[in-house]
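Participant: what would the 3D arrangement of this be:
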Amino acid sequence: MEQKRFDFKSYAQLVKFRLTSTVAATSSFGYLLACKLNSPGSISDLFDWPQFLAVLIGGMLVVFASNGMNQIIEKDLDAKMARTQNRPIVEDRIPTRDAVIFCWVTGALGIILLSLYTPFISVFIAGLSLVMYVFIYTPMKRVSPLAVMVGAFPGAFPPLIGYTTITGRLDEIGVMLFLVQFFWQFPHFWAIAWLLHDDYQKAGYWLLPSAGGRDKKSAYNIMIYTVLLTLVSMMPIYYNLCSPKALLVILPIGLTFIYFGYKLFRSLEIADARKLLFASFLYTPIAFVTYILF
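Facilitator: Got it, this is the predicted structure:
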């Protein structure tokens, strides 16, 4: 019997490679900012390439495992939605048994790699993110819109993992970085839920904050969280983690984000939810790079 070749494209879809790369990359922001704040001179005094790559690759492997296990658990539900019915597990391009083994291996390798190069606190946070995403957030999606809040925790951990790799401890600065990423996820994920609400309903997912779905109450919640995000994003400036000049960037992007949230509140249109989603992709990279540069 001819042995089936390893299908890289299918496995990339299983782990959501592009999304995972973006999420894992946020750990680099926390790492670089910790180097900036804790080095006696420049960032290069504490920057270590093997450790930096271990944070990126190890974190990416853990997210690979989280995303893959999510698809394994939700195989039957994914088959009901147009957005996910072509996933490799649904189409049996990857046998479920092989996917389970792959996820356990990548998750274990990620934790081992982090254990070799990062302190215990960073490894613990990575492991906690895997457990919360797979075993709490995933089943909760069909039970309550509070799943978005639960899912925001593992989504906000990567910058904290990068930060604690340098500091070896969880402190106020690390919490601030966590909060920026945490509050960003609400308008980001709710914008996605707004776009895909009808599709999500087919699988019994209710991710918008209001029982009315795409209504004023949901849009109001989204707008409020854009305001909260802007306020939280100014905390590093208030506590002198970066120069007051950073406000010249943070305030305009925050007000722009609020504007898109307000537009959605006024119109309730899918087109405005899409604009808010696009703005969310730009927000955190600009904010974190600003903290590092200023």
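Participant: in what helix or strand does Arg169 lie?
Facilitator: Under the assignment given by DSSP states H and E, Arg169 is not contained in any helix or strand.
Participant: which residues touch the closest residue to it other than its chain neighbours?
Facilitator: Computed as CB to CB, 6 or more residues apart in numbering, the closest residue to Arg169 that is not its neighbour in sequence is Ile121, at 6.5 Å. C-beta coordinates here come from the backbone N, C-alpha and C atoms, glycine included. The contact partners of Ile121, by CB atoms under 8 Å, 6 or more residues apart in numbering, come to 164, 168-170.
Participant: give me the most central residue, the protein.
Facilitator: Using CA atoms, centre = their mean, the residue of the chain that lies closest to the mean C-alpha position is Gly155, 3.4 Å off.
Participant: would you check that it makes contact with Gln181?
Facilitator: Yes: if you go by CB atoms under 8 Å, Gly155 and Gln181 touch, sitting 6.9 Å apart.
Participant: what do those two both touch?
Facilitator: What both Gly155 and Gln181 touch, as defined by CB under 8 Å, 6+ apart, is an empty set.
Participant: any chance you could list what contacts the helix or strand where Ala271 lies?
Facilitator: Here Ala271 is covered by helix 270-293, with elements defined by DSSP H and E. Helix 270-293 is touched from outside by 26, 29-30, 32-33, 36, 43, 159, 177, 180-181, 184, 187-188, 191-192, 194-195, 214, 222, 226, 229, 233, 236, 241-242, 246, 249-250, 253, 256-257, 260-261, 263-264, with contacts defined as CB under 8 Å, 6+ apart.
Participant: show the buried residues in the residues you listed.
Facilitator: 26, 29-30, 32-33, 36, 43, 159, 177, 180-181, 184, 187-188, 191-192, 194-195, 214, 222, 226, 229, 233, 236, 241-242, 246, 249-250, 253, 257, 260-261, 263-264 (16 or more other CB atoms under 10 Å).
Participant: could you list the low-pLDDT ranges of this structure?
Facilitator: 1-6 (pLDDT under 70).
Participant: what about Pro145, is that helix, strand or coil?
Facilitator: coil (DSSP: H, G, I helix; E, B strand; the rest coil).
Participant: now it: how far from Met69?
Facilitator: Applying CB to CB, to the nearest Å, one obtains 22 Å for the distance of Pro145 from Met69.
Participant: likewise for Val63?
Facilitator: Taking CB to CB as the criterion, Val63 is separated from Met69 by 11 Å.
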